[in-house]
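Novice: task: produce atomic coordinates for the following.
(one chain, ligands or ions: 1)
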Amino acid sequence: MPDLITLPPPPLVPGLGPIAGAALFLDFDGTLVEIAPRPDAVVVPDHLPGLLHRLTEGLGGALAVVSGRALSDLDHFLPVPIPKAGDHGASLRPDPLAPSVLPSLPKVPAAWRAEADALAERHPGALVEDKAHGFVIHYRQAPELEDAARALLAGFVAEDPDAFALLEARMAWEIRPRGASKATAVRALMAEAPFTGRVPVFIGDDVTDEEGMDAARSFGGQGWRLDDMFGTPQALREWLAEAASSR
Ligand SMILES: O=P(O)(O)OC[C@H]1O[C@H](O[C@H]2O[C@H](CO)[C@@H](O)[C@H](O)[C@H]2O)[C@H](O)[C@@H](O)[C@@H]1O
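Specialist: The predicted structure follows:
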């Protein structure tokens with residue numbers, strides 16, 4: 001079935017030209033929605049889930065949200081049956097109607113999580129967020145914690161560097177298992193219909209998105225930084241609505 005949608009040029013780089021036969025890979029926090037003080041405080045515009053659903057249909061199913069979030073969080077904020085990858089590629093659900101796929105990856109020891117809790121409890125506003133195989137220490141509401149959180153998690157990773165990596169996020173430090181990334185998520189999705197053979201376009205705002213962008217480029221596609229191509233999540237949402245209305 002031919003695509004119903006051709007991606008229009010991004011607003012800040014109109015010279016790029018439209019893209020036919022695209023597969024869209026969209027980051028969530030800071031890209032589809034604005035950054036909020038806490039992970040549970042993001043505001044999802046009412047129209048966004050429906051817009052993503054329409055776009056996915058218009059792209060023959062070739063749209064995925066690729067996020068650092070757990071799949072349960074993505075399902076909560078975006079309750080629509082579209083392909084999703086969570087936990088920075090450590091949890092995949094290419095078929096929105098099938099169970100998620102959890103690649104075999106190491107999981108952090110419970111003792112590390114307990115020590116992170118103990119540290120966060122000494123800093124009001126700090127948060128520890130669980131992932132399928134690791135966890136995050138958020139210091140957005142406790143900025144004095146940045147160095148201590150990095151040191152604690154770097155020390156854990158040094159105990160088992162073959163299994164885990166330290167990830168710098170936006171006002172947060174995360175331990176994630178080696179072997180999963182937004183690049184592995186893009187490659188896994190591109191190996192399956194309806195993504196295979198399409199021109200992947202990965203859109204993200206963060207350093208963790210660079211791997212996804214590189215993977216998209218390796219398939220002959222493009223990696224777009226939100227700041228450079230759209231400016232704001234609001235501008236991206238308007239561009240997505242323009243793409244959807246081209247059906
Ligand atoms: O890959 P993403 O979809 O961009 O997710 C990255 C992380 O986003 C969340 O944390 C970030 O956004 C929060 C809400 O705006 C903000 O409060 C926090 O400071 C940011 O680091 C999420 O909580 C993480 O699990 C994601 O890995």
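Novice: wait, what's in contact with L52?
Specialist: Neighbour list for L52: L26, L32, L63, V65, L78, V80, I82, L240 [criterion: C-beta atoms under 8 Å, 6 or more residues apart in numbering]. C-betas here are computed from N, CA, C, even on glycine.
Novice: surely the third one touches A85?
Specialist: Think L63. No - contact criterion C-beta atoms under 8 Å: L63 and A85 do not qualify, at 11.7 Å.
Novice: of these two, which one has the most company?
Specialist: More crowded of L63 and A85, by other C-beta atoms under 10 Å: A85, with 30 against 25.
Novice: and the more buried one, that's in a helix?
Specialist: No - secondary structure of A85 (DSSP: H, G, I helix; E, B strand; the rest coil): strand, not part of a helix.
Novice: residue ranges with poor pLDDT in this protein?
Specialist: Low-confidence segments of the chain, defined by pLDDT under 70, span residues 1-3, 247.
Novice: please identify the helix or strand for P194.
Specialist: Per DSSP states H and E, P194 falls between elements, in no helix or strand.
Novice: count of neighbours near the closest residue to the ligand within the chain?
Specialist: Checking the chain residue by residue against the ligand with C-beta to the nearest ligand atom singles out G68 as nearest, at 2.4 Å. The tally of other residues near G68 (other C-beta under 10 Å) stands at 28.
Novice: so who does the residue positioned nearest the centre of the chain touch?
Specialist: Central residue check for the chain by C-alpha atoms, centre = their mean: the C-alpha nearest the mean position is that of S67, 1.8 Å away. Residues counted as contacts of S67 (C-beta under 8 Å, 6+ apart) are D27, F28, D29, D73, L74, K84, A85, G86, H88.
Novice: hmm, E174 is touching G68, no?
Specialist: Yes - counting by C-beta under 8 Å, G68 is a contact partner of E174 at 7.3 Å.
Novice: give me the common contacts of these two.
Specialist: H88, K131.
Novice: need the three-state assignment for A151.
Specialist: A151 ends up helix, using three-state DSSP.
Novice: re the thing from before, count the residues that sit near the residue nearest to the residue nearest to the centre of the chain when sequence neighbours are not counted.
Specialist: Counting by C-beta to C-beta, 6 or more residues apart in numbering, the nearest residue to S67 once its immediate chain neighbours are dropped is F28, at 4.0 Å. Residues near F28, counting by other C-beta under 10 Å, number 23.
Novice: same check, this time on the one 4 residues further on
Specialist: When neighbours are counted by other C-beta under 10 Å, L32 registers 26.
Novice: contacts only, for it.
Specialist: If you count contacts by C-beta under 8 Å, 6+ apart, then L32 has L26, L48, L52, V65, P233, L236, R237 around it.
Novice: now, which of these lie within strands?
Specialist: Of the contacts of L32, the ones assigned to strands by DSSP state E are L26, V65.
Novice: which of the contacts of L32 ranks first by neighbour count?
Specialist: The member of the contacts of L32 surrounded by the most neighbours (other C-beta under 10 Å) is V65, with 25 neighbours in all.
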